[in-house]
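Enquirer: would you be able to build a 3D model of this:
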Amino acid sequence: VCETSNECDTALWSKAWNHTLKGFPVLRTGFQLNKTGEYCQHIQNIARLSPEIQDWQNLTPDQQHSLWIQWLEQDRRQGFTLEDAFWIRVNIILLSPTRIRWVMTIHHALIDGRSMFLIIKALFENHEALQMGHQLVEQPAPWYRDFVFWAQTRAHLNADSASTFWATYLEGYDARNLDS
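Expert: Okay, the predicted model is just below:
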């Protein structure tokens, strides 16, 4: 959930979102049964997954808060199933002419906390670029398999060399100062 106080141009936000979607294959991930009856990860080659837009601008802040609590509970209950084409839902909630709440619901099996930060950062950078009238450039995110390969190439670094590195790096620090 992100809340922002700037122009509520839903078309601009949708365009920024769809550009972000193109750059992160994990956002287009679903699961399909293969010929042997097993589920396999499938990355959709789609260009769009439009956010659902809800307009709560005519509600009082108390009504918005109450509806927000109900909406969150309903969204949690909805969950995801293996049959869903995507394991992500995106909503834009208009709270006022200059305040929106951006909600991305995604299955925890697809994205960790660090990755979520990168996606949100890309979304806001894309939105800012569009606001400034810039053309968006395709910049696909690195593939996870590249990270796995990178990590495997460093597997030769054993615990002894890591221990030596940290002992040298922290030399001169008093252990009592490291507890706080």
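Enquirer: and stretch 126-137, C-alpha only, in CSV?
Expert: What follows is stretch 126-137, C-alpha atoms only, in CSV (Å, rounded to 0.1, in the frame of the first residue of the first chain):
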residue,chain,number,x,y,z
ASN,A,126,8.0,5.7,-14.3
HIS,A,127,5.2,7.9,-13.0
GLU,A,128,7.5,10.8,-12.4
ALA,A,129,9.1,10.4,-15.8
LEU,A,130,5.6,10.4,-17.4
GLN,A,131,4.6,13.5,-15.4
MET,A,132,7.7,15.3,-16.8
GLY,A,133,6.8,14.3,-20.3
HIS,A,134,9.7,11.9,-20.8
GLN,A,135,9.4,8.8,-23.0
LEU,A,136,9.7,5.6,-21.0
VAL,A,137,12.6,3.3,-21.9
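Enquirer: give me the buried stretch members for that stretch, please.
Expert: Buried residues in stretch 126-137, counting neighbours by 16 or more other C-beta atoms under 10 Å, are found at 126-127, 130, 136. All C-beta spots, glycine's among them, are computed from the backbone N, C-alpha and C.
Enquirer: any idea which of those residues is least confident?
Expert: On pLDDT alone, Leu136 ranks lowest of these, at 87.
Enquirer: surely it is within a helix?
Expert: No: Leu136 is assigned coil when assessed by DSSP: H, G, I helix; E, B strand; the rest coil, not a helix.
Enquirer: now do the SS call for the closest residue to it other than its chain neighbours.
Expert: Among residues not flanking Leu136 along the chain, His19 sits closest, at 4.8 Å (C-beta to C-beta, 6 or more residues apart in numbering). Following three-state DSSP, His19 is assigned to helix.
Enquirer: give me the pLDDT for His19.
Expert: The pLDDT attached to His19 in the predicted structure is 91.
Enquirer: which strands and helices lie in contact with the helix or strand containing Leu118?
Expert: In this structure, Leu118 sits in helix 113-131 according to DSSP states H and E. Applying 3 or more C-beta pairs under 8 Å, 6 or more residues apart in numbering; DSSP states H and E, one finds that helix 113-131 makes contact with strand 2-4, helix 10-23, strand 99-106.
Enquirer: now the second one: buried residues?
Expert: Taking 16+ other C-beta under 10 Å as the basis for neighbour counts, the residues of helix 10-23 that come out buried are 13-23.
Enquirer: for the nearest residue to Ala122 once chain neighbours are set aside, give its distance to Pro51.
Expert: Spatial nearest neighbour of Ala122, chain neighbours left out: Thr20 (5.0 Å); criterion: C-beta to C-beta, 6+ apart. Separation of Thr20 from Pro51 (C-beta to C-beta, to the nearest Å) stands at 11 Å.
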